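Student: Got a predicted structure plus its sequence, pasted below:
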Amino acid sequence: MKRTRVSDIYADSAALVGKEVCVKGWVRTRRGNKHVQFVALNDGSTIRNLQIVLDMQAFTDEQLKPVTTGSAICVTGLLVESMGKGQSVEVQAKTLEVYGTADPEAYPLQKKGHTLEFLREIAHLRPRTNTFSAVLRVRSALAFAIHKYFQERGFYYLNTPLITASDCEGAGAMFQVTTLNLDELPRTEEGKVDYSQDFFGKPTALTVSGQLEGELGATALGAIYTFGPTFRAENSNTARHLAEFWMVEPEVAFIDINENMDLAEDFLKYCIRYALDKCRDDIEFLSEHYDKELIQRLESVVSQDFVRLTYTEGVKLLKESGHKFEYPVDWGVDLQSEHERYLVEHYFKRPVILTGYPKEIKAFYMKLNDDDKTVRAMDVLFPTIGEIIGGSEREENYDKLLKRIEELNIPMKDMWWYLDTRRFGTVPHSGFGLGFERLVLFVTGMANIRDVIPFPRYPKSADF
């Protein structure tokens, strides 16, 4: 008999009541007495369990002995309206098959609560908990929403390289890729590592961003987006940083900074609304258990216009606020999360897009404003998160871009291909980058970014 998913049963229970169904999943709990036993079954398709009723006149104690928390079972039976509290329907079991047992003494996910820190130590099993199954379903829905949004608007999905010889951000915090024997490194006459003997014949690393290659795509296809893993070798042990994370990076030809801001705001609202519509049960569960204000916050973000403010205006507001910040704020400093969240959560009480940052604290590719001091950058700031998107109008003028590259001593040999786009048919263009896990963090209400990716990578941790 064909399996019916639990989510489909709840979605169309009126049509299925009175019919025989086959359900398969994992046992969350089992309780009862010598006359009747109740099993809470979850198959991962929904946060909601399905109650299985086993009449002990039809089953033996020996048959039910292996049906413990964590075991995998297959049940066929009649779907009926439930007389008990907590569920609308239940399955009156006719047949029971145990696929895989779970020793109660060894299985770590028993009915008692577990800390998120403990669950990170068993990341291979934590998707079976209510919390992480909910997070992963929301993550999946958001990933689909991203593709849906851009595909419906004429963007092309571009796969940019994961192995690169260029450092897009100029930060240098990159994971090196090599096939050289680290115990016997080949050396040049000067004593330096001889990368001519390496696989690519030069130093290479895992990418920190697909933006530069994305610009090449946008100046040929008009509008592209990337969506894939990126890597930062920063020794950051915070609730907001990962060494491996996913980035969404649209790049669009013929738009300026204002149209870029319009795109970022519309995109974020679309994704959040999609999750609210498609994952309501999961978000309600996460709100109830982790963040009581979650749904109100999500609804507020999608229903209000984002504030647009220059960096200079933002710094002025912060200095005049009278608020005591841990990090002093002055024109020219890179704003900290506490500054960003003050503007969003206390002053405006809605998301803020900051623009016009000092050129010294932003990347080389951002377009200079006429004052020659600021660039057409934009950061989208969210409640509880701080910066969720960073972007800019890109510098399309060859001479200005070359001057900036020289000022920052970026090796020209690595940038010739990027400069070519400014030599041959250059156009105004803009784009931004969204750290996907930060979006998932915001939508789920979780507190630590390590809990919104299946297998987090951070300093001293590359398990599973």
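Tutor: On my side now, so go ahead.
Student: all contacts plus neighbour counts: C-alpha atoms, from now on.
Tutor: Noted.
Student: contacting residues around stretch 39-59?
Tutor: Here stretch 39-59 makes contact (CA atoms under 8 Å, 6 or more residues apart in numbering) with 5-7, 24-31, 34-38, 87, 89-94, 128, 130, 133-134, 281-282, 285.
Student: rerun at 7 Å
Tutor: By CA atoms under 7 Å, 6 or more residues apart in numbering, the residues outside stretch 39-59 that reach it are 5-7, 24-31, 34-38, 90-93, 130, 133-134, 281-282.
Student: Out of these, which sit inside helices?
Tutor: Counting by DSSP state H, these place V6, S7, N130, S133, A134, D281, D282 in helices.
Student: Show me which of the residues you listed are buried.
Tutor: V6, S7, N130, S133, A134, D282 (16 or more other CA atoms under 10 Å).
Student: Serialize the residues you listed to TSV and add fields for pLDDT.
Tutor: Converted to TSV, those look like this (pLDDT from 0 to 100):
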residue	pLDDT
V6	98
S7	97
N130	95
S133	97
A134	98
D282	98
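Student: Quickly name whichever of those residues is closest to T179.
Tutor: Of all those, T179 sits closest to S133, with 37.7 Å by CA to CA.
Student: Quick one: residues contacting the closest one.
Tutor: Residues near S133 by CA under 7 Å, 6+ apart: G44, P127.
Student: Can we start the residue count at 28 from this point?
Tutor: All set: I'll call the first residue 28, so the last point we hit is now S160.
Student: What distance do you get for it to S72?
Tutor: 9 Å (CA to CA, to the nearest Å).
Student: distance between the ends of stretch 351-360?
Tutor: Across its full length, stretch 351-360 reaches 16 Å between end residues, using CA to CA.
Student: Show residues contacting that stretch.
Tutor: T339, V342, K346, P385.
Student: Pick out the most distant pair among the residues you listed.
Tutor: Farthest apart among the contacts of stretch 351-360 - using CA to CA - are K346 and P385, which lie 17.0 Å from each other.
Student: Identify the residue nearest M274 in space, chain neighbours excluded?
Tutor: G462 (4.8 Å; CA to CA, 6 or more residues apart in numbering).
Student: okay if I get the ones in helices among the contacts of stretch 66-86 as CSV plus distance to I412?
Tutor: Putting the ones in helices among the contacts of stretch 66-86 into CSV (distance: CA to CA, whole Å) gives the following:
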residue, distance to I412
V33, 34
S34, 31
N157, 24
S160, 22
A161, 20
D308, 23
D309, 20
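Student: before we move on, back to that, mind checking which of the contacts of stretch 66-86 are buried?
Tutor: The buried subset of the contacts of stretch 66-86 - by 16+ other CA under 10 Å - is 32-34, 51-57, 64-65, 117-120, 157, 160-161, 309.
Student: mind listing the helices for the stretch 128-277 of the chain?
Tutor: Secondary structure of the stretch 128-277 of the chain by DSSP state H, counting those that start in this stretch: the helices cover 143-148, 157-178, 238-248.
Student: So which of those helices is nearest A133?
Tutor: Here helix 143-148 is closest among those (CA to CA), at 14.9 Å.
Student: Tell me how far that closest one lies from the chain's centre.
Tutor: When distances are taken as CA atoms, centre = their mean, to the nearest Å, helix 143-148 is centred 19 Å away from the chain's centroid.
Student: what does that helix contact?
Tutor: By CA under 7 Å, 6+ apart, the residues outside helix 143-148 that reach it are R153.
Student: Where does the prediction get shaky in the stretch 178-327 of the chain?
Tutor: 194-199 (pLDDT under 70).
Student: now the strands for it?
Tutor: 183-184, 190-191, 203-204, 231-233, 250-258, 271-280 (DSSP state E, counting those that start in this stretch).
Student: for the first one, packing partners?
Tutor: The criterion is 3 or more CA pairs under 7 Å, 6 or more residues apart in numbering; DSSP states H and E, and the helices and strands that strand 183-184 contacts are strand 250-258.
Student: what does the fifth one give?
Tutor: Contacting strand 250-258 under the criterion 3+ CA pairs under 7 Å, 6+ apart are the following elements: strand 183-184, helix 238-248, strand 271-280.
Student: Check the third one too.
Tutor: Packing partners of strand 203-204 (3+ CA pairs under 7 Å, 6+ apart): strand 231-233.
Student: got JSON lines for the helices of the stretch 128-277 of the chain, with distance to E365 too?
Tutor: JSON lines is the format used below for those (distance: least, CA to CA, whole Å):
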{"stretch": "helix 143-148", "distance to E365": "25"}
{"stretch": "helix 157-178", "distance to E365": "26"}
{"stretch": "helix 238-248", "distance to E365": "27"}
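Student: circling back to that earlier point, for the strands of the stretch 178-327 of the chain, give me TSV that also has distance to I415.
Tutor: Shown next, in TSV, are the strands of the stretch 178-327 of the chain (distance: least, CA to CA, whole Å):
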stretch	distance to I415
strand 183-184	21
strand 190-191	25
strand 203-204	27
strand 231-233	22
strand 250-258	15
strand 271-280	11
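Student: re the thing from before, A489: which of the ones in helices among the contacts of stretch 66-86 is nearest?
Tutor: S160 (21.4 Å).
Student: Would you work out how far apart the start and end of stretch 365-376 are?
Tutor: 14 Å.
Student: hmm, I was thinking of stretch 394-409
Tutor: 24 Å.
Student: same deal with stretch 370-380?
Tutor: 10 Å.
Student: and if you look at stretch 101-119?
Tutor: 13 Å.
Student: And for stretch 371-385?
Tutor: By CA to CA, one end of stretch 371-385 lies 21 Å from the other end.
Student: who touches that stretch?
Tutor: Contacts for stretch 371-385 (CA under 7 Å, 6+ apart): 328, 333-338, 359, 400-410.
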